[in-house]
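J.: fold the following for me, if possible:
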Amino acid sequence: MRKKKKLNIFALIVIIIGGGMALYNNYFHNIDSNRYLSSINEDKSIDYNGTHKSDKNSESFDFKKFDGKWSLMQFTSNKGNKISINDDTKISEGKFYIVILDSKYNIIAKKNELKDKGNINFTTPNDGKYSIRIIGANASGNFAINVSASNNIDISHKDFFD
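T.: Numbering: from 1, shown residues only. Below you'll find the model as predicted:
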């Protein structure tokens, strides 16, 4: 009888922990998880102050309270192309990532702006479209990147409201 009671208590604890984890994963995002960084949907909010600068290969702007995901640049490349993203982003508050995704939302490269230093360098694994996505949680600072490649790439920019 005592053994059965202990088994029931153990099963109840497992159910509570498992249910809590499922609830957390489905209703709260964890910005540090690859699952969240590469998910398809893009919900975003930002306090933008109008300092936007953009040309064919670069993007820069000051921002406050950025929450969510925004794939702000896309490019098409051949397989084996060496891509370099010169990153001068400075984050003063919150969490902020720059992530490179392929057309199937697989992470090709990522940078946690609070922990990782330097530029983002990678080689495209396949022919196709790639996205440069920023992800933030109550992030403020200055975003500034410049993209270059060993072979030609076709870069397009996505407006915040697209």
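
J.: average pLDDT across stretch 10-23?
T.: For stretch 10-23, mean pLDDT is 70.

J.: check which element follows the lengthiest strand in the chain along the chain.
T.: Of all the elements of type strand in the chain, the one with the most residues (DSSP state E) is strand 128-149. Toward the C-terminal end, the helix or strand that comes next after strand 128-149 (DSSP states H and E) is strand 154-157.

J.: where do the domain boundaries of the protein fall?
T.: With domains defined by automatic domain parsing, the chain comprises 1-30, 41-157.

J.: hmm, back to that, only alpha carbons, please: show the longest strand of the chain as PDB.
T.: Output of strand 128-149 as PDB, limited to C-alpha atoms (Å, rounded to 0.1, in the frame of the first residue of the first chain):
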ATOM      1  CA  GLY A 128      18.600  29.800 -52.500                       C
ATOM      2  CA  LYS A 129      17.100  32.700 -50.400                       C
ATOM      3  CA  TYR A 130      18.400  33.700 -47.000                       C
ATOM      4  CA  SER A 131      17.100  36.100 -44.400                       C
ATOM      5  CA  ILE A 132      18.800  38.300 -41.900                       C
ATOM      6  CA  ARG A 133      16.600  38.400 -38.900                       C
ATOM      7  CA  ILE A 134      16.800  40.500 -35.700                       C
ATOM      8  CA  ILE A 135      15.200  39.200 -32.500                       C
ATOM      9  CA  GLY A 136      14.800  41.300 -29.400                       C
ATOM     10  CA  ALA A 137      13.300  41.300 -25.900                       C
ATOM     11  CA  ASN A 138      13.000  44.800 -24.500                       C
ATOM     12  CA  ALA A 139      16.100  45.700 -26.500                       C
ATOM     13  CA  SER A 140      17.400  49.200 -27.100                       C
ATOM     14  CA  GLY A 141      20.500  50.400 -28.900                       C
ATOM     15  CA  ASN A 142      21.900  51.000 -32.400                       C
ATOM     16  CA  PHE A 143      21.600  48.400 -35.100                       C
ATOM     17  CA  ALA A 144      24.300  48.600 -37.900                       C
ATOM     18  CA  ILE A 145      25.300  45.900 -40.400                       C
ATOM     19  CA  ASN A 146      27.000  45.800 -43.800                       C
ATOM     20  CA  VAL A 147      26.800  42.700 -45.900                       C
ATOM     21  CA  SER A 148      29.500  41.500 -48.300                       C
ATOM     22  CA  ALA A 149      30.000  38.300 -50.300                       C
END
